[in-house]
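A predicted structure for the sequence below; I have some questions about it.
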Amino acid sequence: MDVLTRIPVREQEPQVRAKNFEEVCYGYNEEEAVAEAGRCLNCKNAQCMKGCPVSINIPGFIAKVKERDFEGAYQVISESSALPAVCGRVCPQESQCEGKCIRGFKGDPVAIGKLERFVADWAREHGIRPKMADKLNGHKVAVIGSGPAGLTCAGDLAKLGYDVTIFEALHKAGGVLSYGIPEFRLPKDKVVAAEVENVKSLGVKIETNVVIGKSVTIDELMENEGFEAVFIGSGAGLPRFMGIPGEQANGVFSANEFLTRNNLMKAFEEGYETPIAEGKKVVVVGGGNVAMDAARTALRLGAEVHIVYRRGEEELPARKEEVHHAKEEGIIFDLLQNPTEILVDENGWVKGIRIIKMELGEPDASGRRSPIEIPGSEYEMECDTVIMSLGTSPNPLISSTTIGLDVNKRKCIVATEETGATSKEGVYAGGDAVTGAATVILAMGAGKAAAKGIDEFLSNK
Amino acid sequence: MYPIVRKEQLADQIILMDIKAPRVAKSCLPGQFIIAKVDEVGERIPLTICDYDREKETVTIVVQTIGAGTKRMMSLNVGDELEDFVGPLGCASELCMEENLEETKKKKIVFIAGGLGTAPVYPQVKWLHEHGIDADVIMGSRTKDLLFYIDEMKAVAGNVYVTTDDGSYGFHGMGTNQLEELVNEGKHYDVCVAIGPMIMMKFVCLLTKKLEIPTVVSMNPIMVDGTGMCGACRLVVDGKVKFACVDGPEFDGHLVDFDQAMKRQQQYKTQEGRAKLAYEEGATHHGGCGHCNG
């Protein structure tokens, strides 16, 4: 065996999976996992851990895998993460743990994400669940939103003995894990529902169909329902549009709408009543993970799909694996291009898109080279569906109904990074509601920090 | 789960239900809406709140057959449960806010309810009545068999004017004709609230613009989550993109781009679906099919 090369992971054939919603990646089996774990150098000063927003003891759990003590490995991961089966699938490992792996200097980094996924899947298949705290401390905490930030915060607090209730606005728990990330990347029943059940098995209650700021406010939760602290993990919010002509036409969707119809409402599955536009030729605008998810979903619904992104390949914000998978499946990348107008037929439906070519100029404030239009390079492409995947702006539902909760000029909730504390006593926040659209694992890191902050606040009260 | 505690047939294809939903009943206000889902495979269906009882913890909704989802909802009976019922969503009507009460009291208000629009108009008129304001109400429908809540409305409104397009009951004509006649007779209104099919609200707004009566409309576009996440319900108001679920559902009717909104309403209606609707709904068809412009 070549120690410089990672054990390959089995995947569905691109041509086959492009037509179904089954999971793309099969993950490691026991033999493969043990072999891959054998590549870990078990560094004393583990760099990988520094790259992990929730500081999982990575060499610790991999050592257990090496010894075939998979349950032990699960216990090590569980100390730090409530959602390992999710993270193993959706974390941008290449820029986190695996990006810092010493093996990566000369060869492939250890497949930490795939090993995490293997351990979590093994534990689920063997019925191993996290246990409730031995003693409850009697303090009630409310968590708003059951996405990655909320589930992590709730799980950590429950382990410490807190009486935690999660309030979820939608009818199903999971937040972006349920409505946003598609089935073929993150199976809903097998993985998401199971991890939500794990959090519940810690004693966490989940009340769905409650819109905080509408059904009940944070102030009411604290004054009337006995919650001593609140964590806001309400997610990103309102989808952005470009502001170009034709954007209100029929056939133009936000990625959020398109994905919610497909993932949460299961429009792709026979028997479910929610409709979805199955375009023939779909243009997805944007280059992030959400854009890849929307594009690959449209492809599976039967369309020819183009991704139009104003920067180049190097600048694509999506995980490398997603871009790679998208290309394998036949998504066409139209890079360094930007829409200027959506063309509309006489009945109000999309009939095409006008696009201008771009080149990269000097780096902007974010350090990325900013795209500049090339004059006279405009062209038109026929299409019947356009999906806008341009990020989101904060939802005002909570900030506008909570007395004394400060937001910044981008309307994101202001919270300190170390503890999640906001301007309002007893109220903590984290995840996309604070940072704007980011990743699952960063939201989990914020949920974790806030759990610690809330524990300190209530312990000293 | 959310039990159905009362069910009444109001008219052909229109039913009323009281749903036990403590959190919604406790906090809802006139002008707001809810989203209901029958079961696992059902759609999320936005419905206006017609009434609420804070003590009994119930919310009254009125449902009309539009598609498969509403049809299945209507087939449920007392004792059955809805799997999901979330709300209240959207902003409360500005006329029905305690803080605006002094201003509102100075105004002469007319409501125009078209078809199912009677349901969301009723709680507003009732709230105003309970706060010492009697508003006039024009209730219109295509024909007599589709009218409902006339007595309930009379109990809380100032004057109630009923119209039918075919003249089978009350004033022969549309709500706009009735309003125009009232104004010609010398009635003065400071504000008009029009709720009903988009085509009706559009024509009310064209008239009230001419009559110089500020007009509020309640928009009911296609929606998924109802909390601002999906953007399906976006519409253009005064040249700006607004989300009906968080910015509305009520808007200044003179600033709404109705033609755009009506086109968007057709988004998920296939040719086949339109034919099916026309067949199933027959004479009770109330627009929203994308075919009749209603």
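Nice, thanks for sending it over.

Mind telling me which residue of the stretch 301-450 of chain A is nearest chain B?
Going by CB to the nearest CB, chain B is nearest to residue A:348 of the stretch 301-450 of chain A, at 3.4 Å. (Glycine included, C-beta is placed from N, CA and C.)

out of everything not next to it in sequence, what's closest to that residue?
Spatial nearest neighbour of residue A:348, excluding adjacent residues (CB to CB, 6 or more residues apart in numbering or on different chains): residue B:263 at 3.4 Å.

Could you list the contact residues of the stretch 151-300 of chain A toward chain B?
A:169-171, A:179, A:208-211, A:214-216, A:235, A:237-239, A:241, A:247-251, A:253-254, A:256-257, A:260-261, A:265-266, A:271-275, A:277 (CB under 8 Å from any CB of the partner chain).

filter the residues you listed to the buried ones?
A:169-171, A:179, A:208-211, A:214-216, A:235, A:237-239, A:241, A:247-251, A:253-254, A:256-257, A:260-261, A:265-266, A:272-275, A:277 (16 or more other CB atoms under 10 Å in any protein chain shown).

Of the residues of the stretch 151-300 of chain A next to chain B, which belong to strands?
Residues of these located in strands (DSSP state E): A:238, A:239, A:253, A:254.

how would you label the residue lying closest to the third one once chain neighbours are set aside: helix, strand or coil?
It stands for residue A:253. In this structure, residue A:253 finds its nearest non-sequential neighbour in residue A:387, 5.2 Å apart by CB to CB, 6+ apart. Under the three-state scheme (DSSP: H, G, I helix; E, B strand; the rest coil), residue A:387 adopts strand.

If I look at residue A:387, what pLDDT would I see?
pLDDT for residue A:387: 97.

So residue B:252 is in contact with residue B:219, correct?
No: between residue B:252 and residue B:219 there is no contact under CB atoms under 8 Å: 11.1 Å.

Keep only those of the residues of the stretch 151-300 of chain A next to chain B that are in helices.
A:179, A:256, A:257 (DSSP state H).

Could you dump those residues into JSON lines and include distance to residue A:284 and pLDDT?
JSON lines is the format used below for these (distance: CB to CB, whole Å; pLDDT from 0 to 100):
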{"residue": "A:179", "distance to residue A:284": "17", "pLDDT": "95"}
{"residue": "A:256", "distance to residue A:284": "13", "pLDDT": "95"}
{"residue": "A:257", "distance to residue A:284": "13", "pLDDT": "95"}
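
ok, the longest strand seen in chain A: who's next to it in the sheet?
Among the segments of chain A that qualify as a strand by DSSP E, the longest is strand A:350-363. If you go by DSSP bridges, strand A:350-363 pairs up with strand A:337-344 (antiparallel), strand A:369-373 (antiparallel), strand A:379-382 (antiparallel).

Tell me which of those strands is the most buried.
strand A:337-344 (a mean of 19; mean count of other CB atoms under 10 Å in any protein chain shown).

Can you show me the CA trace of that one as CSV?
Provided in CSV are the C-alpha atoms of strand A:337-344 (Å, rounded to 0.1, in the frame of the first residue of the first chain):
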residue,chain,number,x,y,z
GLN,A,337,-19.6,35.4,-16.9
ASN,A,338,-22.5,37.4,-15.4
PRO,A,339,-26.2,37.8,-16.3
THR,A,340,-27.3,41.3,-17.2
GLU,A,341,-31.0,40.6,-18.1
ILE,A,342,-33.5,37.8,-18.0
LEU,A,343,-35.5,37.6,-21.3
VAL,A,344,-39.2,37.1,-20.8
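
Please work out which residues outside it touch it.
Contacts to strand A:337-344, defined as CB atoms under 8 Å, 6 or more residues apart in numbering or on different chains, come from residues A:242, A:244-247, A:249, A:252, A:283, A:285, A:308-310, A:350-358, A:371, A:373, A:378, A:380, A:386.

Relative to the whole chain's centre, how far out is that strand?
28 Å (CA atoms, centre = their mean, to the nearest Å).

for stretch B:96-108, same thing?
Counting by CA atoms, centre = their mean, stretch B:96-108 is centred 21 Å from the centre of its parent chain.

And stretch A:436-450, by the same measure?
Remark: stretch A:436-450 is offset 9 Å from the chain centroid, using CA atoms, centre = their mean.

Kindly report the same for stretch B:126-143.
13 Å.

Likewise for stretch B:40-53?
With CA atoms, centre = their mean as the basis, stretch B:40-53 stands 12 Å off its chain's centre.

Now do the buried residues in it.
B:41, B:42, B:43, B:44, B:45, B:46, B:47, B:48, B:49, B:50, B:51, B:52.

and the residue of the stretch 151-294 of chain B found nearest chain A, helix, strand or coil?
As assessed by CB to the nearest CB, chain A sits closest to residue B:263 within the stretch 151-294 of chain B, at 3.4 Å. Using three-state DSSP, the structure places residue B:263 in helix.

Pull up the per-residue confidence for it.
What the model reports as pLDDT for residue B:263 is 88.

Can you give me every residue that contacts it?
By CB under 8 Å, 6+ apart, the contact set of residue B:263 is A:249, A:250, A:347, A:348.

farthest pair in those residues?
For those, the farthest-apart pair by CB to CB is A:249 and A:347; their separation is 9.6 Å.

if we can go back for a sec, closest one to chain B out of the ones in helices among the residues of the stretch 151-300 of chain A next to chain B, please.
Using CB to the nearest CB, residue A:257 is the member of those that lies nearest chain B, at 3.9 Å.

Excluding sequence neighbours, find me the nearest residue to the closest one.
residue B:230 (3.9 Å).

Give the burial count for that neighbour, as a bare number.
Counted with other CB atoms under 10 Å in any protein chain shown, the neighbours of residue B:230 add up to 27.

again, but for residue B:87
Neighbours of residue B:87 using other CB under 10 Å come to 27.

Just confirm it contacts residue B:49, I think it does.
Yes: assessed by CB under 8 Å, residue B:87 is found in contact with residue B:49 at 7.3 Å.

Overlap of the contact sets of these two?
Counting by CB under 8 Å, 6+ apart, the shared contacts of residue B:87 and residue B:49 are B:24, B:28, B:32, B:33, B:34, B:59.

Make JSON lines out of those and add neighbour count and pLDDT.
Shown next, in JSON lines, are those (neighbours: other CB atoms under 10 Å in any protein chain shown; pLDDT from 0 to 100):
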{"residue": "B:24", "neighbour count": "27", "pLDDT": "97"}
{"residue": "B:28", "neighbour count": "24", "pLDDT": "95"}
{"residue": "B:32", "neighbour count": "25", "pLDDT": "95"}
{"residue": "B:33", "neighbour count": "23", "pLDDT": "94"}
{"residue": "B:34", "neighbour count": "27", "pLDDT": "95"}
{"residue": "B:59", "neighbour count": "30", "pLDDT": "97"}
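
from those residues, which single one is nearest residue B:130?
Of all those, residue B:28 has the smallest distance to residue B:130: 14.9 Å, by CB to CB.

right, and that closest one touches residue B:87 too?
Yes: if you go by CB under 8 Å, residue B:28 and residue B:87 touch, sitting 6.4 Å apart.

Mutual contacts of these two, please.
By CB under 8 Å, 6+ apart, the residues touching both residue B:28 and residue B:87 are B:34, B:49, B:59.

Quick check: of those residues, which lies closest to residue A:183?
Among the shared contacts of residue B:28 and residue B:87, and counting by CB to CB, the member closest to residue A:183 is residue B:34, at 28.3 Å.

pull the CA atoms of the helix or strand in which that closest one is found into PDB?
Following DSSP states H and E, the helix or strand that holds residue B:34 is strand B:33-37. C-alpha atoms of strand B:33-37 as PDB (Å, rounded to 0.1, in the frame of the first residue of the first chain):
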ATOM      1  CA  PHE B  33     -52.300  34.400   8.000                       C
ATOM      2  CA  ILE B  34     -51.300  30.800   8.900                       C
ATOM      3  CA  ILE B  35     -49.800  28.000   6.900                       C
ATOM      4  CA  ALA B  36     -51.400  24.500   7.200                       C
ATOM      5  CA  LYS B  37     -50.300  21.100   6.100                       C
END
